[in-house]
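A.B. asks: predicted coordinates and the sequence they were generated for:
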Amino acid sequence: MDLLRHLGFFVAVAEEGHFGHAADRMGMSQPPLSQGVRRLESRLGVTLLIRGSRGVRLTTAGADLLPRARALLDGREQFLDAARRQRESRGAVRIGVIAALSDLQVAALTAAVRAAAPDPDARTVIISTAPTAELVDAVTGGRLDCAVVHHPALLGELRAGPVLKLPRMLLMPDGHPAARGKPSLRALSGLACATAPRAHGTAAFDLLADTLRAKGLDPEFLPAPGDRDALSAVVAGRAFALSADLRLEAPGVRAAPVGEELALRVRVVRPDPVPQQDVPDALESALAGMS
């Protein structure tokens, strides 16, 4: 028997409380629906529903099995959705990036990967944004072809390209004393640092904290995975932040360049062997142009 189909009959009747209503919901007549539920009960060896003149109600076994039946049906839909995504992405290049990259940088990376193909119009590029640890797992598991991740980071058996340093801007509340004249990191004392949570890249987070301490600043940290979260904290006067978007402008924010020691350090990671070598090469070339 088609177990999932018959479980669908059972769930519909249980939720509607009536065979006729369930049949309407399923777009079928009542007799085959009733027969299908009885066939399921026979196959399972338990009675699921008590029939009455006013409708049906669940038996003890039916009440126990109903959420399990729903879970199986939900799993079927999830499976079909995953298969659809695989079908739609067949032949596509799947790239992961960290949220610290700006929208313009991600667009430039996408364009570079497409341009590197023999026929750019035939290459589809799918971009995913996630923390470094998740990107490493996705490349290792074959769900991504390669990824741009924070450095330093634990990479396991993945191959990694050179460390590339992307310049960043220091974002400060416009009314803060540190924003007057030449910006000074020490003058930011009292403000938190809005940056990606430590869980998004433990080693990179620790490196940033150590660098700030070496410059005489030991701030609290506010979780801000991307520029939108960081800007909100800066405009509210609660924090300063670092952004790789060199063109970023916002009301209430003063932006100033910072030295190389606070640059965004990234690497392109890929499996070994890599399916399409031109993809990480294009990413590294584009990132090098941003350095």
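C.D. replies: Thanks, I have the structure now.

A.B. asks: quick one: distance of the helix or strand of the chain with the lowest mean pLDDT to the chain centre.
C.D. replies: Lowest mean confidence among the helices and strands of the chain (mean pLDDT, DSSP states H and E): helix 60-88, at a mean of 84. Going by C-alpha atoms, centre = their mean, to the nearest Å, the spacing between the C-alpha centre of helix 60-88 and its chain's C-alpha centre is 23 Å.

A.B. asks: do stretch 146-156 as well
C.D. replies: Distance, centroid of stretch 146-156 to centroid of chain: 16 Å (C-alpha atoms, centre = their mean).

A.B. asks: show me the contacts for the closest residue to Thr124 other than its chain neighbours.
C.D. replies: Nearest residue to Thr124 in three dimensions, chain neighbours excluded: Ala92, at 4.0 Å (C-beta to C-beta, 6 or more residues apart in numbering). Where you see a C-beta, it was placed from the backbone N, CA and C, and this is true even at glycine. Ala92 makes contact with Arg123, Thr124, Val125, Ile126, according to C-beta atoms under 8 Å, 6 or more residues apart in numbering.

A.B. asks: likewise Pro219?
C.D. replies: With C-beta under 8 Å, 6+ apart, Pro219 has these contacts: Leu188, Ser189, Leu191, Ala192, Cys193, Leu212, Phe240.

A.B. asks: pretty sure it belongs to a strand, no?
C.D. replies: No. Looking at Pro219 with DSSP: H, G, I helix; E, B strand; the rest coil, it is coil, so not inside a strand.

A.B. asks: just the helices in the stretch 51-200 of the chain please.
C.D. replies: 60-88, 103-115, 132-140 (DSSP state H, counting those that start in this stretch).

A.B. asks: what's the longest strand along the chain in contact with?
C.D. replies: Counting residues, the longest strand in the chain under DSSP state E turns out to be strand 264-270. The contact list for strand 264-270 (C-beta under 8 Å, 6+ apart) reads 98, 100-101, 135-136, 139, 145-153, 155, 158-168, 204, 207, 242, 244, 279-280, 283-284, 287.

A.B. asks: quick one: low-confidence parts of the stretch 151-291 of the chain?
C.D. replies: The stretch 151-291 of the chain contains no residues with pLDDT under 70.

A.B. asks: for the closest residue to Arg57 other than its chain neighbours, give me its contacts.
C.D. replies: Closest residue to Arg57 apart from its sequence neighbours, by C-beta to C-beta, 6+ apart: Ile50 at 5.2 Å. When contacts are counted by C-beta under 8 Å, 6+ apart, Ile50 touches Val56, Arg57, Leu58, Thr59.

A.B. asks: go through the residues you listed and say which is closest to Gly36.
C.D. replies: Val56 (13.8 Å; C-beta to C-beta).

A.B. asks: report the beta-bridge partner residues of that closest one.
C.D. replies: As for beta bridges, Val56 partners with Arg51 under DSSP bridges.
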